[in-house]
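Participant: Let's see this in three dimensions:
(4 chains)
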Number of protein chains: 2
Amino acid sequence: MRQDGRLSRMLHVLIHMGRHEGAMTSEVIAQMLDANPVVIRRTMAGLRDEGYVSSVKGHGGGWTLARPLEELTLLDIYRAVGEPSIFAVGPAYDMPGCPIEQAVNGTLKEVFTEAEELLRKRFSGVTLADVARAFPRTGDQGGGQRCAP
Amino acid sequence: MRQDGRLSRMLHVLIHMGRHEGAMTSEVIAQMLDANPVVIRRTMAGLRDEGYVSSVKGHGGGWTLARPLEELTLLDIYRAVGEPSIFAVGPAYDMPGCPIEQAVNGTLKEVFTEAEELLRKRFSGVTLADVARAFPRTGDQGGGQRCAP
DNA sequence: CATCATGCTACTTATGATGTTGCGAAACTG
DNA sequence: CAGTTTCGCAACATCATAAGTAGCATGATG
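Facilitator: Residues are numbered from 1 along each chain as shown, chains lettered A, B, ... in the order given. Presented below is the predicted three-dimensional model:
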């Protein structure tokens, strides 16, 4: 199944913003992610609604962090990008009548709920500043194809 | 994001087969699940390849369990239906060059790996017989819309 | 041989993330 | 004020995948 890349993208962007003076335009961000400016705006809109970033129109405008990376957790961002269902497998429909199906879905739900709670706990314990510190120790300043910090 | 219902469906079917005398045809199974016979065959083929069920062509043929429910775990079935990626979120692409992206993906991967290990452990500890015993205590024999056991 | 059922291939449909285009609104520049 | 920049938004197009559909071949039963 195809995966939702919005969480990963937004984390990436936000950390770049944390090390960036001034606003970043959707255009610049899109080039960094090899993505589309409109898609960036679309996703960033969710973060703005939650108060994590702010946007400014017009010349010199763009996106800026509304709070430091230390005060943003993975859980915050996960929720802001729409809190997509974490799991790619699950019941196809919701418990019509068959008791066997109810038992199956109940069992699956138990297991997935436990895993989701674990994920949320981990997500809530990691700030973007933590991630930013977790750089691989390659020494270089990020001279990759794109994305020069 | 749309979820993969194959695991849930197959668990449902297998437990029915465990309480059923003789073979079940794809047609009957499809009616039970309100699904399509061809889709059933498609998914059951994976289970057959793993030796969990067997199929017989022709008159009186159909699908039968190749081993008792006690010897089938959720993990077995999960793998047999193609072992789809459990998670609906994840990195959209694989670590091109930017160290920040690598840090993000590395962190996410850690968390997801831990959750996946938990899921696999739980899956491996539950047999289909366990699920079959977990019937809701409604007392009725399953007189739902479809799926009379 | 007729019927039933799986096996398989190719095609269509449905859904959701993503990409694209166009136009409007706001803010800065000269 | 005119022009440029940049977000905001809506209406599409694209793409991948699960699911549905149709047709024909194969094998088993009677």
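Participant: what's the next secondary structure element after the lengthiest helix in chain A?
Facilitator: Longest helix in chain A by number of residues (criterion: DSSP state H): helix A:99-124. Next along the chain after helix A:99-124, taking DSSP states H and E as the criterion, comes helix A:128-133.
Participant: Show me the contact partners of that following helix.
Facilitator: Contact with helix A:128-133 is made by A:11, A:14-15, A:18-19, A:68-70, A:72-74, A:77, B:100, B:103-104, B:107, as judged by CB atoms under 8 Å, 6 or more residues apart in numbering or on different chains. No exception for glycine: its C-beta is placed from N, CA and C like everyone else's.
Participant: Within range of DNA strand C, give me the residues from chain A.
Facilitator: A:2, A:4-6, A:9, A:35-36, A:38-39, A:43, A:56-61, A:82, A:84 (CB under 7 Å from any atom of the strand).
Participant: Recalculate using a threshold of 10 Å.
Facilitator: Counting by CB under 10 Å from any atom of the strand, chain A comes close to DNA strand C at A:2-10, A:30, A:33-43, A:56-61, A:81-82, A:84-85.
Participant: Mind giving me the ChimeraX select for these, buried ones only?
Facilitator: Burial among those is assessed by 16 or more other CB atoms under 10 Å in any protein chain shown; the matching ChimeraX selection reads:
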select /A:3,4,5,6,7,8,9,10,30,33,35,40,41,43,81,85
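Participant: ok, which of the residues of chain A next to DNA strand C also contact DNA strand D?
Facilitator: With CB under 10 Å from any atom of the strand as the criterion, the residues of chain A next to DNA strand C include A:2-3, A:30, A:36-42, A:56-61 near DNA strand D.
Participant: Now do the helices in chain A.
Facilitator: Along chain A, the segments classed as helices by DSSP H run A:6-18, A:26-33, A:37-49, A:74-80, A:99-124, A:128-133.
Participant: ok, and which of those has the densest surroundings?
Facilitator: Comparing these by mean neighbour count (mean count of other CB atoms under 10 Å in any protein chain shown), helix A:6-18 ranks first with a mean of 24.
Participant: Flag the shaky bits of chain A, pLDDT-wise.
Facilitator: Under the criterion pLDDT under 70, the flagged ranges of chain A are A:1, A:82, A:92-96, A:135-149.
Participant: Smallest gap between it and DNA strand C, at which residue?
Facilitator: Sorted by distance to DNA strand C under CB to the nearest atom of the strand, the residues of chain A start with residue A:58, at 2.8 Å.
Participant: anything in the longest helix of chain A near chain B?
Facilitator: Yes - with CB under 8 Å from any CB of the partner chain as the measure, helix A:99-124 is seen reaching chain B through A:99-108, A:111-112, A:114-116, A:118-119, A:122-123.
Participant: Over to stretch A:12-32?
Facilitator: Yes - contact of stretch A:12-32 with chain B (CB under 8 Å from any CB) involves A:12, A:15, A:16, A:32.
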